[in-house]
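Visitor: okay, structure incoming, though there's no sequence with it:
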């Protein structure tokens, strides 16, 4: 029986309760089995002395794109297709080293990549996949430009169906295709977006009837939740009414829709980092001027909507949109949430317990006896300075399923 003993650690367990000082935590066969402030015997085959550091559950990012990282157009056009899979392996490793042990891929990763992770071929966070996103002709996700040139972020290939669909019966079939391809969650673009070449975040995509059919096929027939890229208010309203599980981005919220999200238990995955990073790295990433302009337009509105939703008690799960910008910068999202009014403890809970619940996990997201042993260790207290989590060298230990993937304590 494989054992790991973590000694002398201050525990922030993900529930929102106060930290436990000088606790020992025992991991056996990939699960937390004992948490005792009085100390445990040195019976582990491996011992980590945290020396008064801090243990948190592994962080969870509920909105990533692991198969790409935006690059200038010329570089994208000259990169061989298969190169992207090798790059994804590096993105995944970087994300894990940043302290993220579970991700929900919101477009781009297929079943083969997920299986490679599950089979241990790649050091990576565990991953749920949406395969490809459903989008309308000319909407967010359609790479057609006014020049007539089509520059999609990714190309359809075996295991990666195209996502464009229009009308109730087309969206029904396309949802079934994504499920057939192995989707754990269905992703739909319900509004335009910042990076779209021919639309705007406020533009509504898909009718209410179309969205209801997507939810019917995914959730009611197959038990699979639906996540919706939804930035404009009307599109968000349609999503909540249709029964969609999580609103991604949620830039233009008002008090009425916030109340409806609370009533229905709809999650908000805010991705505050996305427009911030687009502006900071626009030249390096080769962002179009239209994307830069739209990012500037929505930046403050996005923050205000997040603050209002948080104060009203909407369930918030951490997500970043990593891939639209650099992978491995994920945990900066917590600092941004705190800057927008969230307490450091609530930011940690949003990135562990609530994100796990959003993704349907029942034994991940807490340091608790019987739970899967995903955890990170830091030297400093993130409750006193949440910003430390964005620095890779401050994440001293990363473990997933009880296996230590990173240890730079010494």
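Guide: Here it is on my side, so go on. It should be emphasised that the depicted structure is a prediction, and the values quoted were computed from it without experimental measurement.
Visitor: residue 331 and residue 265, how far apart?
Guide: From residue 331 across to residue 265, the span is 26 Å (Cβ to Cβ, to the nearest Å). For glycine as for every other residue, the C-beta is placed from the backbone atoms N, C-alpha and C.
Visitor: oops, could you answer that again for residue 385 instead?
Guide: Relative to residue 265, and taking Cβ to Cβ, residue 385 is found at 32 Å.
Visitor: what about the helices in the stretch 151-300 of the chain?
Guide: Assigned by DSSP state H, counting those that start in this stretch, the stretch 151-300 of the chain shows helices spanning 168-180, 208-215, 221-222, 233-242, 255-264, 273-280, 282-285, 289-312.
Visitor: hmm, residue 375 is touching residue 56, no?
Guide: Yes: using Cβ atoms under 8 Å, residue 375 is in contact with residue 56, at 6.7 Å.
Visitor: what is in contact with those two at once?
Guide: Common contacts of residue 375 and residue 56 (Cβ atoms under 8 Å, 6 or more residues apart in numbering): residue 367.
Visitor: give me the more crowded residue out of these two.
Guide: residue 375 (31 against 25; other Cβ atoms under 10 Å).
Visitor: contacting residues for the more buried one?
Guide: Applying Cβ under 8 Å, 6+ apart, the residues near residue 375 are 6, 25, 55, 56, 57, 58, 367, 397, 398, 399.
Visitor: in the sheet, who's paired with it?
Guide: Bridge pairing for residue 375 (DSSP bridges) gives the partners residue 57, residue 399.
Visitor: what strand or helix carries residue 8?
Guide: Element membership for residue 8 (DSSP states H and E) is strand 3-11.
Visitor: and the contacts of the very next helix or strand once past that strand?
Guide: Using DSSP H and E, the next helix or strand after strand 3-11 towards the C-terminus is strand 20-28. Contacts with strand 20-28, where a contact means Cβ under 8 Å, 6+ apart, come from 1-11, 13, 32-37, 39-40, 43-44, 52, 55, 367, 373, 375, 399, 402.
Visitor: count of neighbours near the spatially closest residue to residue 39 that is not a sequence neighbour?
Guide: With sequence-adjacent residues excluded and distances taken as Cβ to Cβ, 6 or more residues apart in numbering, residue 39 is closest to residue 24, at 5.0 Å. Residues near residue 24, counting by other Cβ under 10 Å, number 22.
Visitor: repeat for residue 366
Guide: For residue 366, using other Cβ under 10 Å, the count is 21.
Visitor: swap in residue 220?
Guide: For residue 220, using other Cβ under 10 Å, the count is 11.
Visitor: so where's the chain uncertain?
Guide: Low-confidence segments of the chain, defined by pLDDT under 70, span residues 1, 40, 42-44.
Visitor: just to revisit the earlier point, mean neighbour count and distance to residue 102 added to the helices of the stretch 151-300 of the chain, as TSV?
Guide: Below are those laid out as TSV (neighbours: other Cβ atoms under 10 Å; distance: least, Cβ to Cβ, whole Å):
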stretch	mean neighbour count	distance to residue 102
helix 168-180	18	21
helix 208-215	21	24
helix 221-222	13	21
helix 233-242	22	24
helix 255-264	16	23
helix 273-280	22	17
helix 282-285	14	25
helix 289-312	18	22
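Visitor: among those, which is nearest residue 73?
Guide: Minimum separation from residue 73 across the helices of the stretch 151-300 of the chain (Cβ to Cβ) falls at helix 282-285, 10.4 Å.
Visitor: chain center to stretch 383-400, what's the gap?
Guide: Stretch 383-400 sits 17 Å away from the centroid of its parent chain (Cα atoms, centre = their mean, to the nearest Å).
Visitor: can you give me the end-to-end span of it?
Guide: 22 Å (Cα to Cα, to the nearest Å).
Visitor: which positions within that stretch qualify as buried?
Guide: 383, 386-390, 392, 394-400 (16 or more other Cβ atoms under 10 Å).
Visitor: residue 55: what's it in contact with?
Guide: Contacts of residue 55 by Cβ under 8 Å, 6+ apart are 6, 9, 10, 11, 12, 23, 25, 367, 375, 376, 377.
Visitor: distance check, residue 291 against residue 278.
Guide: In terms of Cβ to Cβ, residue 291 sits 6 Å off from residue 278.
Visitor: now for those two: what residues contact both?
Guide: With Cβ under 8 Å, 6+ apart, residue 291 and residue 278 have common neighbours 194, 195.
Visitor: isn't residue 174 right up against residue 166?
Guide: No: the criterion here is Cβ under 8 Å, and residue 174 misses it with residue 166 at 9.6 Å.
Visitor: how far out from the middle of the chain is the strand holding residue 8?
Guide: For strand 3-11, the distance to the chain centre is 27 Å (Cα atoms, centre = their mean).
Visitor: what of stretch 228-236?
Guide: Worked out by Cα atoms, centre = their mean, stretch 228-236 lies 18 Å from the chain centre.
Visitor: pull the residues that contact it.
Guide: 106, 133, 140, 187-194, 200-206, 211, 239, 244, 246-254, 257, 298.
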